[in-house]
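> Build the 3D model from these lines:
(one chain, ligands or ions: 1)
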Amino acid sequence: MTEPIILKGKPVADLNKKYCLQLIEENQLSPHLYVFLIGEDPASEYYVGNIKKQGKKLNIQVTIEKYNQISEDELCNKIIALNNDNDVHGIMVQKPLPKNINPAKIESLISPDKDVDGFHPLNTGLMLQEKECFLPCTAQAILETMDFYNINPNKKHIVVVGRSNVVGKPIANLLLYKAKNRSATVTICHSQTPELSVFTKQADVLITAVGVANLIKPEMIKNNVIILDAGMNEILTVDNKTTYTGDVNYELCFNKCFAITPVPGGIGSVTTSILFKNICNSAKMKKK
Ligand code: NAP
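Residues are numbered from 1 along each chain as shown. Below is the predicted model of the structure:
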């Protein structure tokens, strides 16, 4: 049996970063992302801090506004002001949000043309209709990883585990784009799916976005499956250090796969580069 292919995210992310640098230079852009970070969440602080650090390398300005607490009205007023600020090209409100703030209200308030996370209901509707729009970054990251490694979804049975608006639902829909010749047969599973393995075993391509470490075990997959694991789960090692693992038990499943994304170093590393691409595209559209 040949060695399984490791679907690393870095080369995909590098292409996107190159695209950003070129777009900025050719069009003399000054892309600017505005991020709200509310409450105390170390994982979010790390993620947003990393966006700022990487943005700097690409000449993308990232402003982080951090609050321990803020009222929903005050946050809404700030977003409305930024919607009207021509020097801001993308607005992001990092989740999880404290209980006093309704995430759906905030998602609908961000102007669709600055919605670089692709969460606004208008962008969701456009996505369903296969029209040009901002797409949720992780779903697009999965798609671009498949494209990069020539994984053609056409005529494949693709099983998606997870039905969130952020990853599961959008990737399931993007794999059905008729005009782009992505004609997969898609099954979506979730926490209420009885006997998950009945479905996962049928997958030619298995996509996971669950948030449960090592949920998928070798007996749940068929030989030569292609796995794209978007899960990013914090776990403690035996010597009490924090590390990350996916939704798939990588070590045990590895030899049964035709190809598999590592965690970390897979989908997660592509996601941020998509965010930057969305910001640069937004800056270009506004310049026009
Ligand atoms: P989410 O909103 O919590 O959704 C999780 C989904 O998994 C839900 O649809 C849930 O079902 C389903 N689920 C939970 N337990 C299950 C089980 N035992 N069997 C089958 N399905 C189960 O999470 P999310 O925001 O989509 O994130 C999912 C994972 O992706 C997390 O690990 C997150 O950290 C990661 N993530 C990664 C990136 C990246 O860039 N790589 C970006 C975003 C998220 P119900 O709908 O029935 O509750």
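
> OK, contacts around residue 82?
Applying C-beta atoms under 8 Å, 6 or more residues apart in numbering to residue 82 gives the contacts 34, 88, 91, 114. Where C-beta positions appear, they are placed from N, C-alpha and C, glycine not excepted.

> in its sheet, what does the helix or strand hosting residue 235 sit against?
Here residue 235, judged by DSSP states H and E, is contained in strand 233-236. Here strand 233-236 has these sheet partners by DSSP bridges: strand 242-245 (antiparallel).

> next one: the helix or strand following the partner strand to chain centre, how far?
Counting by DSSP H and E, the next helix or strand C-terminal to strand 242-245 is helix 250-253. Distance of helix 250-253 from its chain centroid, counting by C-alpha atoms, centre = their mean, to the nearest Å, is 23 Å.

> the helices in the stretch 101-250 of the chain, which residues?
Ranges of helices in the stretch 101-250 of the chain, per DSSP state H, counting those that start in this stretch, are 103-109, 121-128, 137-148, 168-174, 196-200, 250-253.

> These: which one's closest to residue 158?
Among the helices of the stretch 101-250 of the chain, helix 168-174 comes nearest to residue 158, with 8.0 Å by C-beta to C-beta.

> from the contacts of residue 82, which is closest to the ligand?
residue 91 (18.1 Å; C-beta to the nearest ligand atom).

> Does the closest one fall in a helix, a strand, or a coil region?
Here residue 91 is recorded as strand under DSSP: H, G, I helix; E, B strand; the rest coil.

> In contact with it, which residues?
Contacts of residue 91 by C-beta under 8 Å, 6+ apart are 33, 34, 36, 79, 82, 83, 110, 111, 114, 115, 116.

> Ok, residue 100 next?
The contact partners of residue 100, by C-beta under 8 Å, 6+ apart, come to 69, 71, 72.

> The first one and residue 101 touch, don't they?
No: between residue 69 and residue 101 there is no contact under C-beta atoms under 8 Å: 9.9 Å.

> To what extent is residue 87 buried, counted in neighbours?
Using other C-beta atoms under 10 Å, residue 87 has 11 other residues around it.

> I should have written residue 10 there, sorry.
12.

> got it, and the one 10 residues further on?
When counting by other C-beta under 10 Å, one arrives at 25 neighbours for residue 20.

> give me the element it is part of.
Here residue 20 is assigned to helix 10-27, by DSSP H and E.

> can you pull the contacts of the nearest residue to residue 153 once chain neighbours are set aside?
If the residues on either side of it in the chain are set aside, residue 153 comes closest to residue 184, at 3.9 Å by C-beta to C-beta, 6 or more residues apart in numbering. Neighbouring residues of residue 184 by C-beta under 8 Å, 6+ apart: 153, 154, 155, 156, 157, 158, 175, 176, 205.
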